[in-house]
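# Got a sequence here, can you model it:
(one chain, ligands or ions: 1)
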Amino acid sequence: MKNFNPADNIQDLQYFGEFGGVNPSISDSSTYTFLSAKTMFDTFEGNADGCYLYSRHSSPSNLYLGQALAAMEGTETANVAASGMGAITSVLLQLCQSGDHIVSSRTIYGGTYAFMKNFMPKLGITTTFVDTTKIEKVEAAITPNTKVLYCETVSNPLLEIADIAALSRLAKKHNLKLVVDNTFSPLSVSPVKLGADVVVHSLTKFINGSSDTVGGVACGTQAFIDEMRNVNNGAAMLLGPTMDSLRAASVMKNLRTLHIRMKQHSHNALYLATRFEQDGLKVVYPGLKSHPGHELYKGMINPEYGFGGLMTLDVGSLDKANELMELMQHRNLGYLAVSLGFYKTLFSAPGTSTSSEIPLDEQKEMGLTDGLIRFSIGLDNDIERTYKMMRECMETVGVFKEAVSEF
Ligand code: PLP
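Here you go, the predicted model:
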């Protein structure tokens with residue numbers, strides 16, 4: 001891992017446009033011509049390198065982006081998708097068939113949770129949700145039918161840290177595939193280097209970074225990605241979650257600045273988390289020593305990209321959380337919006353938004369409280385100024401009254 005720098009790997013990739021453009025040309029075609037019928041047949045069979053058949057299968061723009069994301073994650077290749085869910089669902093459906101079983105972290109993105117809990121059983125695939133920070137619980141949940149271990153590097157929304165190396169050892173011991181969603185920690189963590197088999201991302205978030213599109217990717221071995229694209233039984237080919245070429249080209253351009261953005265997101269989030277913790281608030285941020293996964297995470301990250309841009313604050317009640325978020329938005333400190341990785345700070349109460357698919361009793365059990373606000377900290381230039389403005393909002397709505405006796 002020492003010599004692996006994901007941002008350098010992206011930087012080293014050069015693509016030119018067909019007229020010498022500094023950006024690769026966008027493939028604006030859904031289908032491709034062939035000079036010989038034989039080459040068309042070979043391409044269909046997957047045996048004609050460099051030829052394109054039909055853009056649901058692959059297109060030059062999607063392959064450029066896929067190669068850049070594979071370079072970032074240190075995998076042989078990657079397949080981009082129209083959304084993070086498009087990538088996640090096709091990976092899981094490729095790896096599992098009727099009768100199979102998944103062991104998943106219980107704190108994952110609500111959509112992924114809902115897919116495993118409510119949709120996959122219709123296909124005879126079941127999931128046991130466990131606290132993946134307790135390796136013995138993960139092992140206890142494995143059955144002879146288990147095929148996949150699933151987790152998020154930094155979980156949504158509780159920011160728990162997955163011990164990917166330990167989960168990978170377990171996966172190897174039981175002959176399972178370890179699938180890791182690395183959406184919250186691009187560049188900071190390289191899951192494949194820690195033993196993951198497949199890495200998925202919602203490109204919608206930090207990687208694209210402009211909140212102007214949805215997108216996803218699955219990074220893995222050439223053999224696995226070829227399977228996903230297989231015309232006869234590949235989930236990516238047959239379910240059709242194809243990213244549009246125009247979008248692939250725009251995500252690719254944004255990827256070029258990801259390293260600068262991640263450093264600023266991490267810098268700003270660490271500053272705010274540290275200050276709010278000193279103020280006596282209940283802050284969760286993996287960069288704080290008080291975070292139960294801090295030491296583990298410190299050992300996992302590529303340090304220059306930091307501990308990431310996500311933090312949570314528990315302000316005591318949903319009413320207070322709503323009041324605070326509305327005021328912060330009114331004062332232009334950010335937007336009351338789901339999603340993450342934007343230049344502007346985004347905040348939402350996950351219990352009633354992105355994790356509302358998780359039943360209330362399960363939310364409670366995993367520590368997802370009513371007053372929890374998830375912040376995706378933006379790229380603010382002067383974070384001390386932001387801190388002071390946020391603190392004023394907190395004082396106005398009375399957050400400190402309950403959190404600290406003296407302020
Ligand atoms: N994974 C994580 C961790 C997410 O937060 C999300 C969306 O919020 C997704 C996957 C799904 O991605 P998309 O909305 O691009 O389908």
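
# Contact residues of the stretch 1-150 of the chain facing the ligand?
Residues of the stretch 1-150 of the chain lying close to the ligand (Cβ under 6 Å from any ligand atom) are 83-85, 109, 111-112. (C-beta placed from N, C-alpha, C; glycine too.)

# Filter these down to just the buried residues.
If you count burial by 16 or more other Cβ atoms under 10 Å, the buried members of these come out as 83-85, 109, 111-112.

# just curious, which of those residues is nearest to F342?
The shortest approach to F342 among these belongs to G84, at 15.3 Å (Cβ to Cβ).

# quick one: the closest one and N208 touch, right?
No. The pair G84 / N208 is not scored as a contact, 10.7 Å apart, by Cβ atoms under 8 Å.

# just to revisit the earlier point, in CSV: the residues of the stretch 1-150 of the chain next to the ligand, plus distance to Y343 and secondary structure.
What follows is these, written out as CSV (distance: Cβ to Cβ, whole Å; DSSP: H, G, I helix; E, B strand; the rest coil):
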residue, distance to Y343, secondary structure
S83, 21, coil
G84, 20, helix
M85, 24, helix
Y109, 22, coil
G111, 24, helix
T112, 26, helix
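
# residue boundaries of the strands in the stretch 301-407 of the chain?
For the stretch 301-407 of the chain, applying DSSP state E, counting those that start in this stretch gives strands covering 310-314, 335-336, 346-348, 372-376.

# Sheet-wise, list the partners of the second one with their directions.
Based on DSSP bridges, the pairing partners of strand 335-336 within the sheet are strand 346-348 (parallel).

# Quick one: check the strand it pairs with for contact with the ligand.
No. Strand 346-348 lies out of reach of the ligand by Cβ under 6 Å from any ligand atom, never closer than 10.4 Å.

# same check, this time on stretch 308-321
No. Using Cβ under 6 Å from any ligand atom, stretch 308-321 never reaches the ligand; the gap is at least 9.6 Å.

# Report the buried residues of that stretch.
Judged by neighbour count (16+ other Cβ under 10 Å), stretch 308-321 contains these buried residues: 308-316, 318, 320-321.

# Just give me the neighbour total for T213.
A total of 18 residues lie near T213 under the criterion other Cβ atoms under 10 Å.

# Do you know the pLDDT at it?
T213 is assigned a pLDDT of 97 by the prediction.

# That one: helix or strand, and which one exactly?
Here T213 sits in a region with no helix or strand, counting by DSSP states H and E.

# can you pull the contacts of it?
203-204, 247, 250-251 (Cβ atoms under 8 Å, 6 or more residues apart in numbering).

# just to revisit the earlier point, can I get the strands of the stretch 301-407 of the chain in TSV with distance to Y15?
Written out in TSV, the entries for the strands of the stretch 301-407 of the chain read as follows (distance: least, Cβ to Cβ, whole Å):
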stretch	distance to Y15
strand 310-314	31
strand 335-336	33
strand 346-348	31
strand 372-376	30
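
# Could you provide these in JSON lines, with additional columns for mean pLDDT and distance to R385?
Putting these into JSON lines (pLDDT from 0 to 100; distance: least, Cβ to Cβ, whole Å) gives the following:
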{"stretch": "strand 310-314", "mean pLDDT": "97", "distance to R385": "18"}
{"stretch": "strand 335-336", "mean pLDDT": "98", "distance to R385": "18"}
{"stretch": "strand 346-348", "mean pLDDT": "97", "distance to R385": "18"}
{"stretch": "strand 372-376", "mean pLDDT": "96", "distance to R385": "16"}
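
# Backbone dihedrals for the closest residue to S90 other than its chain neighbours, both of them.
Closest residue to S90 in three dimensions, ignoring its sequence neighbours and counting by Cβ to Cβ, 6 or more residues apart in numbering: A235, at 3.8 Å. Dihedral angles of A235 (phi, psi; degrees, to the nearest 10) stand at phi -60, psi -40.
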